[in-house]
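>>> Quick one, structure for this:
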Amino acid sequence: MTQPSHQNHYLKPIKFSIIIPVFHEAKRIKALVESIHQLEGLYHIECIVVDGSPSQDTLAVLTDTTVVRINCRQGRGFQMNIGAAHAQGEILMFVHADTMLPKNTLQLIEQTLKSGDYVGGAFSLHIQSRHPLLRIIAFLSTLRSHLTRAPYGDQVIFIKKQYFDFVGGYRDIPLMEDVELMRRIYKNGGKIRILPQTVLTSSRRWNAEGILYTTVRDLVIITLYWLGVPAQKIARFYPWLNEEEHK
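Numbers count the residues shown, from 1 in each chain. Next comes the predicted model:
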């Protein structure tokens with residue numbers, strides 16, 4: 001298969017497909033969708049919400065008829081692939097339900113991709129909390145992604161759809177699907193950019209599970225993964241991955 005050219009020059013309006021994988025996010029989804037409609041720029045946007053819950057409780061609260069609603073089995077990588085398969089946009093954005101975007105998100109992404117140097121990218125991370133430890137965690141997470149070029153999903157990964165299809169999308173694995181995708185992009189010669197502008201993610205996970213415990217657990221997971229331990233094997237030690245959305 002011939003690798004797609006990175007030299008794609010876009011003319012406004014660009015159509016973005018914003019894909020939101022959800023699992024029991026009825027309390028948050030409407031605010032996120034409304035904020036997406038308020039993004040700056042004259043762009044065509046489609047919003048795709050992919051619910052991994054059999055109860056479809058997140059989809060049930062959506063009253064916006066412009067939103068594409070999809071229900072499938074749980075699994076963040078699987079859900080995002082399903083959303084991408086339905087997407088009509090030239091650029092895919094993968095947004096977690098507890099993450100808010102800067103107003104000029106679409107303009108920043110357009111500027112990043114229009115030169116053809118990059119196939120995708122992500123934002124820097126800011127956690128919605130004044131806790132000093134969480135500020136340090138956000139800083140270190142952003143620094144790690146700059147060094148490794150392997151951002152986490154809560155940094156809002158964006159990628160040209162043509163290239164996403166070329167590399168085969170996300171792997172259907174229980175965790176680290178975002179890092180795994182970035183590693184494949186790198187192996188295929190693609191370049192991504194970590195933007196200095198930040199997205200704002202909720203501190204709910206750290207608050208619910210404890211800042212120290214969550215931080216240590218995440219550090220163990222990423223370390224084991226980078227050491228070559230398969231994601232499926234790591235997930236056996238974390239049964240919560242089968243019950244709720246994971247990082």
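
>>> L224 looks like it's in a helix, true?
Yes. Counting by DSSP: H, G, I helix; E, B strand; the rest coil, L224 falls inside a helix.

>>> Would you confirm that it contacts Q232?
No. At 11.8 Å, L224 does not count as touching Q232 under the criterion of C-beta atoms under 8 Å. Using the backbone N, CA and C atoms, a C-beta is placed for each residue, glycine as well.

>>> Pick out whichever of these two has more residues nearby.
Comparing L224 with Q232 by other C-beta atoms under 10 Å, the one with more neighbours is L224, at 16 against 10.

>>> wait, what's in contact with that one?
I234 (C-beta atoms under 8 Å, 6 or more residues apart in numbering).

>>> For V229, see how far away A85 is.
29 Å (C-beta to C-beta, to the nearest Å).

>>> Actually, K160.
From K160 over to V229 (counting by C-beta to C-beta), the distance is 31 Å.

>>> And S145, by the same measure?
21 Å.

>>> How about T63?
44 Å.

>>> same thing with A235?
Counting by C-beta to C-beta, the gap from A235 to V229 is 10 Å.

>>> the more surrounded of the two?
A side-by-side neighbour count of A235 and V229, using other C-beta under 10 Å, places A235 first with 18 against 13.

>>> these two touch, right, that one and M176?
No. Using C-beta under 8 Å, A235 makes no contact with M176, being 9.2 Å away.

>>> Now do the same contact list for I234.
I234 makes contact with P174, L175, M176, I221, L224, Y225, according to C-beta under 8 Å, 6+ apart.

>>> Which residue ranges of the chain form strands?
With DSSP state E applied, the chain shows strands at 15-22, 44-51, 68-71, 91-94, 99-100, 120-128, 157-160, 192-202, listed in chain order.

>>> strands paired with the last one, and their directions?
In the sheet, strand 192-202 lines up against strand 99-100 (antiparallel), strand 120-128 (parallel) (DSSP bridges).

>>> Give me the contacts around it.
The contact list for strand 192-202 (C-beta under 8 Å, 6+ apart) reads 96, 98-102, 104-105, 108, 112, 118-128, 142, 145-146, 149, 151, 154-156, 159, 182, 185.

>>> With the first one instead?
Counting contacts by C-beta under 8 Å, 6+ apart, the residues outside strand 15-22 that touch it are 29, 32, 36, 43-53, 58, 76, 79-80, 83-84, 87-97, 106, 109, 161, 245.

>>> Okay, angle between that strand and strand 44-51 too, please.
20 degrees (axes from the mean of the first three to the mean of the last three C-alpha atoms, to 10 degrees).
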